[in-house]
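S.K.: after the sequence you'll find the predicted model.
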Amino acid sequence: MTPDATGLFKERPAHPKGGRLTAVQQIYQSLRDQIVSLDLPPGTVLQTRQIAENFGVSPTPVREALILLEEESLVDVFPQSRTCVSFIDVQSAREAHFLRRSVEVEIARTLAVEISDDDVDALRAAISRQRTALEAGDLSAFLPADNRFHEMMYEMAGVGGLWDIIHARRAHLDRLRRLHLPTEGKAAKIIRDHEAILDAIAARNPNGAEAAVRAHLKDTVSATEDMRAHFPEYFG
């Protein structure tokens, strides 16, 4: 997997839930997105002045954004030397996976009791958008569509704020997911898993919904050693 160097450090459209982003937030989100998507792979040196020039700002907000990324262990800062994109932290990924699974099992069970027909239709439409991205071979669109399906479930269960909490903890898990996604048949299996989850929810079957979520979320972490063997340069 080789990133396109022409796109590194460039400003990308922000996606806030509301309000205007500060320069620090905008730089942070852009760099975080590029790190998670592996456009900026582990070991990439981040040049403060280059990033500042691309955003049209002074180095100060760039340094502040890098501090935020360091707090998430997404960059390693070596004072008076360099700042590099960190390696994938498998333990952090496992912890985020455990947290996400625990929450989403309960969400699926809740929705299997409470979901409306309109919400079922909305989730089916979200799956359809994933299928469209897959058929177009657009993995850069597929992963956000995948995330959106899950985020909608959080919102429908009335715990949308938990999505933000888990999102803040799952950057290393998401990098594992991005490594795993191009595996042959993986994206198609994600769609089948989502359909199984939704079918159980729509059938008002809490136990079936829980089982479908557990089956869906086990693959990426269980494949970690295979990914480490194929992409040793991404792991410390």
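M.R.: The structure has been received and is ready for your questions. From a predicted model like this one, the values you see are computed outputs, not experimental measurements.
S.K.: nearest residue to the middle of the protein?
M.R.: When C-alpha atoms, centre = their mean is applied to the chain, the residue found nearest the centroid is Asp174 (4.2 Å).
S.K.: give the residue farthest from the middle of the protein.
M.R.: Most remote from the centre of the chain, using C-alpha atoms, centre = their mean: Gln80, at 31.4 Å.
S.K.: hmm, who's touching stretch 92-102?
M.R.: Stretch 92-102 has contacts (C-beta atoms under 8 Å, 6 or more residues apart in numbering) with 73, 166, 169-173, 175-176, 213-214, 217, 220-221, 224. Every residue, glycine included, has its C-beta placed from N, CA and C.
S.K.: mind listing what's buried in that stretch?
M.R.: Across stretch 92-102, burial judged by 16 or more other C-beta atoms under 10 Å covers 92-93, 96-97, 99-101.
S.K.: this protein: strands as residue ranges?
M.R.: Taking DSSP state E as the test, the strands found in the chain are 75-78, 82-85.
S.K.: go through those strands and pick out the most buried.
M.R.: Compared across the strands of the chain, strand 82-85 shows the largest average neighbour count, a mean of 18 (mean count of other C-beta atoms under 10 Å).
S.K.: same question for that strand, mean pLDDT?
M.R.: The pLDDT scores in strand 82-85 average 96.
S.K.: try stretch 148-160
M.R.: Average pLDDT, stretch 148-160: 98.
S.K.: ok, now stretch 56-71?
M.R.: Average pLDDT, stretch 56-71: 96.
S.K.: go on, stretch 37-45?
M.R.: pLDDT averaged over stretch 37-45 gives 96.
S.K.: quick check: end-to-end length of it?
M.R.: 16 Å (C-alpha to C-alpha, to the nearest Å).
S.K.: just the pLDDT for Gly236.
M.R.: We have a pLDDT of 81 for Gly236.
S.K.: list the contacts for it?
M.R.: The contact partners of Gly236, taken as C-beta under 8 Å, 6+ apart, are 42, 86-89.
S.K.: top of the residues you listed by number of neighbours, please.
M.R.: Within the contacts of Gly236, neighbour counts (other C-beta atoms under 10 Å) peak at Ile88, which reaches 26 neighbours.
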